[in-house]
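Trainee: Predicted model and sequence follow; I will ask about them next.
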Amino acid sequence: MGQKGQKQRGSLPYIGHEGGQTPFHIVIPKEPYYQGYHARKQYPPFSLLQLQRMIDLGLLNPDEPIDLSALLRVQTFQFKPRHNHYGLHLIDEGIDIFEAQVNLEIQWASEPVIAAIERLGGTITTRFYDMECLNYIVSPKENFLKGKPIPRCKLPSNDVVKYYTSAENRGYLADPEKIAEERSKLAQKYGYELPDLKKDPKKDMLLKRKDPRQIFFHLQPGWVVNLHDKCILKPTDEDLLKYYRS
Amino acid sequence: MRLIQVPLDKSRLLTSLSYILRQTIRHRSGLKSRKAVLWDQAWPIHEEKPEVDEETARRNISGLRKKFRDRLPHVMEPSSPEFELHFTKQHKMRMFGKYGSKSGIHPGIHWPSKEELKELIEEEQIWEPSLAERMNTVLAEENEIRSTKLKKEEEIAKNLKNMPKYIAQFEKKLEKVEEEEDLRRDKQKQLVEEAYDYFGYKVDSRDPRFIKMIEEKEEEEKRISKIKKKEQRQEKLLASMKAMMEKNTKSSPEDKVTTK
């Protein structure tokens, strides 16, 4: 291995050792704003431009609800739960050319983005997934092959619980009536006429929502998908059903 | 040949024996299970395939042992358990996920048993509070932060009332310092002038002659002040003596009376 001595034997002093002098990381005091930095939730940006492009190229079907698994199926961006990626942050890049009517489920969105989607008659919900569910969503096939039942989604943790319960952010735990109020308020603020969802031909699709415990459309927590037999195994025990529903 | 007698350590012997026993038991159990094709008796046995005919056997030119050949994608046969690991729940689930009902595993393995479910629920009650509880904790934290901030702001407002007083004090202090500085400067100027008078030419204040002059002057002043003090003391003494004398002269007639 190169040279003789310390380098060869891998017995070099540890990184940051300054030959006995008090190391840099001890001399410089801790910064309070870095507290819990390693554990903070990350939301990698995903723009309206990207979304529009996916729809235009036929990679995404706007006639069906678009959620995280639908976006991940396109495979045009990186998403790594192991890097503390807790979902996607929909940013306003391409807000002026966005023209699709969609039922979107995203993890983080700002006010103008919400307005841009609702102006075109679409709906948006912000949704929290815990790490176990995210791992399942990112690689469903591997998890099906492992025979893991579909996990029951946990409630949002304390640092984001306020975001997902507020109607302003269209949180999935917010009261639907309050959301309707906020929709009209936002339309007044940005000066557009809010399209009536009840008269929309796509009404059923636009109002389709998942249960707070559910992570895939058409599949319930606790079910086991077997790819070999091409069947779904569902628990029948009442206690189990109660647990997965609660 | 000499033999060395080693004292027998009973505890050590026991531990080693138990280890060997455990190993053999494990091995035995493995052997037993290898004989049994089924993992779970409750699950129906998959149909045993007829023995391979000669032709297919001849076509198998890979020369792989059965358990390795079973893993090939075009064969995909579930292998029978061999090691302790193969009896874990995780591996059974994996086998079911890969081979489906062909694996001969009871699908009930996917979900927790009654006891496990009970434990799970108990654990969740501790670690997964309800939405309302979460909101309450968050709001309580926010309230605490707000109240501490308000408290601090109030304290600042209270202390700011004393601010003009402190500023006046500080300005007074500055004035005093300035005055002292002026006095010192005047004195220095005077000394320089005196030195000019003394020497007849300009002398720098750092010059040794100047310093010597100042020292001499100081000594002189000291001497004068000493003399003055002495005179004052003497005057005082004289004054006091005079007062005594006067007192004596006034009180003398009475004294005479008393002495008589």
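Mentor: Structure's in. What do you need? Keep in mind that this is a model prediction, so the values were computed, not measured.

Trainee: Tell me the helices and strands packed up against the lengthiest helix in chain A.
Mentor: When chain A is parsed with DSSP state H, its longest helix is helix A:176-190. The contact analysis (3 or more C-beta pairs under 8 Å, 6 or more residues apart in numbering or on different chains; DSSP states H and E) places helix A:176-190 against helix A:111-119. Any C-beta I mention is one placed from the backbone N, CA and C, and that applies to glycine too.

Trainee: Okay, buried residues for the helix it packs on please.
Mentor: Judged by neighbour count using 16 or more other C-beta atoms under 10 Å in any protein chain shown, the buried positions of helix A:111-119 are A:113-119.

Trainee: same check, this time on stretch B:56-69
Mentor: Residues of stretch B:56-69 classed as buried by neighbour count (16+ other C-beta under 10 Å): none.

Trainee: May I have the distance across it, first residue to last?
Mentor: 13 Å (C-alpha to C-alpha, to the nearest Å).

Trainee: Spatially nearest residue to the residue nearest the centre of chain A, not counting backbone neighbours?
Mentor: Central residue of chain A (C-alpha atoms, centre = their mean): residue A:87, 2.9 Å from the mean position. Using C-beta to C-beta, 6 or more residues apart in numbering or on different chains and skipping the chain neighbours, the partner closest in space to residue A:87 is residue A:107 (2.4 Å).

Trainee: Next, count neighbours for that neighbour.
Mentor: Neighbour count for residue A:107, taken as other C-beta atoms under 10 Å in any protein chain shown: 23.

Trainee: How about residue A:241?
Mentor: For residue A:241, the count of nearby residues is 14 (other C-beta under 10 Å).

Trainee: right, and it touches residue A:222 too?
Mentor: Yes. Assessed by C-beta atoms under 8 Å, residue A:241 is found in contact with residue A:222 at 7.5 Å.

Trainee: Overlap of the contact sets of these two?
Mentor: Residues touching both residue A:241 and residue A:222 by C-beta atoms under 8 Å, 6 or more residues apart in numbering or on different chains: residue A:235.

Trainee: Would you verify that residue A:192 is located in a helix?
Mentor: No. Residue A:192: not assigned to a helix; according to DSSP: H, G, I helix; E, B strand; the rest coil it is coil.

Trainee: what about it, how many neighbours?
Mentor: Neighbour count for residue A:192, taken as other C-beta under 10 Å: 14.

Trainee: burial count for residue 202?
Mentor: Since you didn't name a chain, this refers to chain A. When neighbours are counted by other C-beta under 10 Å, residue A:202 comes out with 17.

Trainee: try again with chain B
Mentor: Counted with other C-beta under 10 Å, residue B:202 comes out at 9.

Trainee: I figured it hits residue B:196, correct?
Mentor: Yes. Residue B:202 is within contact range of residue B:196, at 6.0 Å (criterion: C-beta under 8 Å).

Trainee: Need the residues touching each of the two.
Mentor: Counting by C-beta under 8 Å, 6+ apart, residue B:202 and residue B:196 have no shared contacts at all.

Trainee: just to revisit the earlier point, so which of the buried residues of helix A:111-119 comes closest to residue B:148?
Mentor: Lowest distance from residue B:148 to these (C-beta to C-beta) belongs to residue A:114, with 33.5 Å.

Trainee: distance of the closest one from residue A:187?
Mentor: Between residue A:114 and residue A:187 the computed distance is 11 Å (C-beta to C-beta, to the nearest Å).

Trainee: Excluding chain neighbours, what is closest to residue B:114?
Mentor: Among residues not flanking residue B:114 along the chain, residue A:239 sits closest, at 6.9 Å (C-beta to C-beta, 6+ apart).

Trainee: Surely the one you found touches residue B:117?
Mentor: Yes. Because the distance of 5.9 Å satisfies C-beta under 8 Å, residue A:239 is recorded as touching residue B:117.

Trainee: Between those two, which is the more surrounded one?
Mentor: Neighbours were counted for residue A:239 and for residue B:117 using other C-beta under 10 Å; residue B:117 has more, 16 against 13.

Trainee: Please tell me how far that one sits from chain A.
Mentor: With the distance defined as C-beta to the nearest C-beta, to the nearest Å, residue B:117 ends up 6 Å from chain A.

Trainee: Buried residues in the helix or strand that residue falls within, which are they?
Mentor: Residue B:117 belongs to helix B:114-127 when assigned by DSSP states H and E. Of the residues in helix B:114-127, residue B:117 count as buried by neighbour count, 16+ other C-beta under 10 Å.

Trainee: C-alpha coordinates for that helix, PDB please?
Mentor: Provided in PDB are the C-alpha atoms of helix B:114-127 (Å, rounded to 0.1, in the frame of the first residue of the first chain):
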ATOM      1  CA  LYS B 114     -52.400 -11.900  18.700                       C
ATOM      2  CA  GLU B 115     -49.700 -11.400  21.300                       C
ATOM      3  CA  GLU B 116     -47.500  -9.500  18.900                       C
ATOM      4  CA  LEU B 117     -50.400  -7.300  17.900                       C
ATOM      5  CA  LYS B 118     -51.100  -6.600  21.500                       C
ATOM      6  CA  GLU B 119     -47.400  -5.600  22.100                       C
ATOM      7  CA  LEU B 120     -47.500  -3.500  18.900                       C
ATOM      8  CA  ILE B 121     -50.500  -1.600  20.100                       C
ATOM      9  CA  GLU B 122     -49.000  -1.100  23.600                       C
ATOM     10  CA  GLU B 123     -45.900   0.300  22.000                       C
ATOM     11  CA  GLU B 124     -47.800   2.600  19.700                       C
ATOM     12  CA  GLN B 125     -49.700   4.000  22.600                       C
ATOM     13  CA  ILE B 126     -46.300   5.100  24.000                       C
ATOM     14  CA  TRP B 127     -44.500   6.300  20.900                       C
END
